[in-house]
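J.: here's my sequence, what's the structure:
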Amino acid sequence: MLRESVRSLAEAKILPFAAAVDEESRFPQEALDALVANDLHAVHVPETYGGAGADALATVIVIEEVARVCASSSLIPAVNKLGSLPVILSGSEELKAKYLGPLAKGDAMFSYALSEPDAGSDAAGMKTRAVRDGDFWVLNGVKRWITNAGVSEYYTVMAVTDPEKRSKGISAFVVEKSDEGVSFGAPEKKLGIKGSPTREVYLDNVRIPADRMIGAEGTGFATAMKTLDHTRITIAAQALGIAQGALDYAKGYVQERKQFGKPIGDFQGVQFMLADMAMKIEAARQLTYSAAAKSERVDGDLTFFGAAAKCFASDVAMEVTTDAVQLLGGYGYTRDYPVERMMRDAKITQIYEGTNQVQRIVMARNLP
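T.: Have a look, this model is predicted:
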């Protein structure tokens, strides 16, 4: 029922704007409005704080179905989870009440600020500093590649509070867009997910109350990594949705397109491509759903499965979308058809929330 209702909403309210959102590189406001109106923008927020209280699998299904029609729009529920999960996992009760309520209501979005110009895969090498000043912390630094930056009201920011301790000297904070000293860089000009703004976040003597720290001092990096164990699965879901959307479109196309007097879908070469696409998508789906179940139970092997789902599903998405472009031939290469957009959107799923090379390191260190 959940899948059917999200799919019909996505096809009615999000799909009609997907091409324009990509073409104009603009935020998919129509998608946000539709998701908020149907309480699907941040389904993971517990009921205690006014949320839908959806489990990890339900969250994955929502993201998958939105991504099937528009990858940029699927980053609304995905990044709301990414940004707020540190608060859910490690925040004080006061912090949860203060920030999860507006998120659940749709009054605010939540972004995640970990990466920096010189700290991508090596996130522990970050330079953003937070210095204690009485009942306040003062933050200075630059965060890069921040999804939905400028649109989100709230940001989970990782900053160094004790430079001597490397990863154990990193703490997490909630920063608000309206805090004095917070500003944003120009939107990045990207290959795909053009409807989701990616910008730098500048922190210039941003003074925030000490109670905005998430968890204890020095636990920020551990919280960041624990968050990614859960949210890599949402990227797997996004990849899965993109791949499914491309297969669905290609399947329809090959039944319509005629060459040599019959639909190209009747040719075995084309049938084999479609069979491989469907098989790989289904394998990715099973791995992703299994990882989601592990996320819900917080199983001991979650780290491996989260990395495996994200890595496998994103590789499948890149392969399937490339094959979909091939199946449409010259038309696939034009912007008149959605598969070239899906191919461009798929690429980032192999890169963000940890490149697939990093996922393989994570898997190797956490073999079940």
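
J.: and stretch 337-353, average pLDDT?
T.: Taken as a whole, stretch 337-353 has a mean pLDDT of 98.

J.: let me fix that, I meant to ask about stretch 213-232.
T.: On average, the pLDDT along stretch 213-232 is 98.

J.: contacts for it?
T.: Residues from elsewhere that reach stretch 213-232 (Cβ atoms under 8 Å, 6 or more residues apart in numbering): 56, 78, 81-82, 85-87, 89-91, 95, 112, 114, 123-124, 137, 156, 158-159, 161-162, 165, 167-174, 295, 302-303, 306-307, 309-310, 353-354, 359. In short, each C-beta sits where N, CA and C put it, glycine included.

J.: if we use 6 Å, what do you get?
T.: With contact meaning Cβ atoms under 6 Å, 6 or more residues apart in numbering, stretch 213-232 is reached by 81-82, 85-87, 89-91, 114, 158, 161, 167-173, 295, 302-303, 306, 310, 353.

J.: any idea how many residues pack against residue 133?
T.: Residue 133 has 10 neighbouring residues, counting by other Cβ atoms under 10 Å.

J.: what residues are bridge-paired with it?
T.: residue 136 (DSSP bridges).

J.: what helix or strand does the closest residue in space to residue 280 that isn't next to it in sequence sit in?
T.: Leaving aside its chain neighbours, residue 280 sits nearest to residue 316 (4.6 Å; criterion: Cβ to Cβ, 6 or more residues apart in numbering). Assessed by DSSP states H and E, residue 316 sits inside helix 302-327.

J.: so the residue nearest to residue 280 touches residue 282, yeah?
T.: No. In this structure, residue 316 is not within contact of residue 282 by Cβ atoms under 6 Å, at 9.7 Å.

J.: quick revisit: quick one: contacts for the residue nearest to residue 280?
T.: Listed by Cβ under 6 Å, 6+ apart, the contact partners of residue 316 are 243, 280, 284.

J.: closest to residue 338 among these?
T.: residue 243 (13.0 Å; Cβ to Cβ).

J.: follow-up on the earlier one: from the contacts of residue 316, which ones fall inside helices?
T.: When DSSP state H is applied, the contacts of residue 316 are split such that 243, 280, 284 fall in helices.

J.: burial count for the first one?
T.: Other residues within reach of residue 243, judged by other Cβ under 10 Å, total 32.

J.: show me the contacts for it.
T.: 281, 316, 317, 320 are the contacts of residue 243 under Cβ under 6 Å, 6+ apart.

J.: repeat that for 7 Å
T.: 281, 316, 317, 320, 321 (Cβ atoms under 7 Å, 6 or more residues apart in numbering).
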